[in-house]
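Student: This is a predicted model, with the sequence first.
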Amino acid sequence: MFKPLHNYVLLERIEEENKTAGGIIIPDNAKEKPVHGRVIAVGEGNIENGQKIPMSVKPGDNVLFAKWASSANEVKIDGKDYVLIKESDILGIL
């Protein structure tokens, strides 16, 4: 399995409903990429001023992350699509 380094987090995107509240079906090409994800793996944390800063998220957490995160990288591992992102681009735990 993949183990992120430092303050990186491996996420699996959580697909959102393809229907609006009014029942209108949204086609795949009009959908935005989801900003919700499930944490798959986390690094050990950053080191600042000689001290390790522990990670705030853990595997299994559902999180909301920045839509235009500068650190987000799309990766494919064992045929599955994931997002590799810095912990600082995670907005909160759901």
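Tutor: Good, I have the coordinates.
Student: need the strands for the protein, in chain order.
Tutor: Here the chain has its strands, by DSSP state E, at 8-13, 36-42, 46-48, 51-53, 62-65, 73-77, 80-86, 90-93.
Student: mind checking how far stretch 86-94 is from the chain centre?
Tutor: Taking CA atoms, centre = their mean, to the nearest Å, one finds stretch 86-94 lying 8 Å from the centre of the chain it belongs to.
Student: and it, how far apart are its ends?
Tutor: Terminal residues of stretch 86-94 lie 17 Å apart, using CA to CA, to the nearest Å.
Student: what comes up buried for it?
Tutor: Residues of stretch 86-94 classed as buried: Lys86, Glu87, Asp89, Ile90 (neighbour count, 16 or more other CB atoms under 10 Å). (Glycine included, C-beta is placed from N, CA and C.)
Student: mind giving me JSON lines with these and columns for pLDDT and distance to Pro59?
Tutor: Formatted as JSON lines, the buried residues of stretch 86-94 follow (pLDDT from 0 to 100; distance: CB to CB, whole Å):
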{"residue": "Lys86", "pLDDT": "92", "distance to Pro59": "17"}
{"residue": "Glu87", "pLDDT": "92", "distance to Pro59": "13"}
{"residue": "Asp89", "pLDDT": "90", "distance to Pro59": "17"}
{"residue": "Ile90", "pLDDT": "92", "distance to Pro59": "13"}
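Student: quick one, what contacts Glu12?
Tutor: The neighbours of Glu12, taking CB atoms under 8 Å, 6 or more residues apart in numbering as the test, are Gly37, Arg38, Ile40, Lys80, Tyr82, Val83.
Student: correct me, but the first one touches Asn62?
Tutor: Yes: with contacts defined as CB atoms under 8 Å, Gly37 counts as touching Asn62 at a distance of 7.3 Å.
Student: which one of these two has more residues nearby?
Tutor: Using other CB atoms under 10 Å as the criterion, Gly37 and Asn62 rank with Gly37 on top: 22 against 14.
Student: The more buried one bridge partners, please.
Tutor: Beta-bridge partners for Gly37, by DSSP bridges, are Arg13, Val63.
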